[in-house]
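Q: Sequence plus the predicted model coming up.
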Amino acid sequence: MKGLELSEKFYKEYGEPMLQENFSDILPYIAVGLAGSGSECYGYDDDISRDHDFEPGFCIFIPEEIFLDSKHAFELEKAYARLPKEYMGFKRNLYSAVGGNRHGVIKNGDFFENKTGSRNGNLTISQWLTLPEYALAEAVNGKVFCDNFGEFTETRNKLQHYPEDIRLKKIAGNLLLMGQSGQYNFNRCIARGETAAAQLAIFDFVKSSINVLFLLNNKYMPYYKWCFRALREMGDKYKTMAETLEYLISSDNASENTERKSRIIESICSDITEELKKYKLTDSPSTEMEQQAYTVNNTIKDNNIRNMHILSGV
């Protein structure tokens, strides 16, 4: 059973009755769900990931004004800690009343500040440009089982996607890196016999390519160890691209491989150019990623964001 399903079942069987019976006065203000760090919040958990932080638990998200009532907060924390210590063969972790828990009673503001630096989801341009994508993904992943007050969901909705001009800036920056690392530096490193540097160029090309694909689909790229899995789940076309990108970083730079890798790089650049056309971000047939980067950058409406260094968002 996946952790997200385990969490919801545990909540429905024990958490929801506990809240209804003992906290009916604050129930209208509570949100409950599972989100944040951990493979279970993406549905990616397996036997290997269960060696740490895996349990039948859930999060009780409370607005600031409710949490500041220390009596309610303390009683709610105690009630959560008293829930069954084992469920469906899985043991619960010890709950600490001093914080640091992934589950249990959490202030809305604490959760979002931990992920984004903002307690209410209102981010500055600088924050949007510099926050790691995985942190934004953790702010909006998982599932909300109930949200009676709506504050938690409202903040999640603010963070669900990049503002359009920020998204375009990030696409432009990653396209430029694709061109520099894959179409330019890889072959130059090979020509100099710098096979290790060539592989670093490949790594940069693959990472930037994956970033572009997520951004084109208006999704945050999760933490790197899940990015290939998430890419494959976006559809058959992306599954094929994931396999191709995986070959680039998992093969060496012996002479019999480098020509093939160069062809693959150009093929990926051609595929991404078609994606840019599909999303009406370019009408240029060029597969030169540097040229496409500046084409996309020029579509940004906000003058300040458009005039920032093209790599401001990467």
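A: Structure received.

Q: contacts, neighbours, all on C-alpha from now
A: Will do.

Q: What lies in contact with the helix ranked longest in the chain?
A: In the chain, taking DSSP state H as the definition, the longest helix is helix 255-278. Here helix 255-278 makes contact (C-alpha atoms under 8 Å, 6 or more residues apart in numbering) with 182-183, 187, 190, 213, 216, 241, 244, 248, 251, 282-283, 285-289, 292.

Q: give me that answer again for 6 Å
A: Helix 255-278 is contacted from outside by 282, 283, 287, using C-alpha atoms under 6 Å, 6 or more residues apart in numbering.

Q: Likewise for stretch 234-253?
A: 195, 232.

Q: buried stuff in it?
A: For stretch 234-253, the neighbour count (16 or more other C-alpha atoms under 10 Å) marks 238, 239, 241, 242, 244, 245, 248, 249, 252, 253 as buried.

Q: now swap in stretch 37-55 and tell me
A: Buried residues in stretch 37-55, defined by neighbour count with 16+ other C-alpha under 10 Å: 37, 38, 39, 40, 41, 42, 45, 53, 54, 55.

Q: Ok, stretch 119-129 next?
A: For stretch 119-129, the neighbour count (16+ other C-alpha under 10 Å) marks 119, 120, 121, 123, 128, 129 as buried.

Q: centre of the chain versus it, how much separation?
A: 16 Å (C-alpha atoms, centre = their mean, to the nearest Å).

Q: Would you mind measuring the gap between the ends of that stretch?
A: With C-alpha to C-alpha, to the nearest Å as the measure, stretch 119-129 spans 18 Å from end to end.

Q: What's the mean pLDDT across it?
A: Averaging pLDDT along stretch 119-129 gives 97.

Q: what's that stretch in contact with?
A: Stretch 119-129 is contacted by residues 109, 112, 113, 155, 158, 313 when judged by C-alpha under 6 Å, 6+ apart.

Q: which element is the third one on?
A: When you say that, I think you mean residue 113. Secondary structure from DSSP states H and E places residue 113 in helix 108-116.

Q: do the same with the last one
A: When secondary structure is defined using DSSP H and E, no element contains residue 313, which sits outside every helix and strand.

Q: which phi and psi does it have?
A: Per-residue torsions, residue 313: phi -100, psi 10 (degrees, to the nearest 10).

Q: on that earlier part again, which PyMOL command selects the buried ones in the contacts of helix 255-278?
A: This is how PyMOL selects the buried members of those, with burial counted by 16+ other C-alpha under 10 Å:
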select buried, resi 282+287
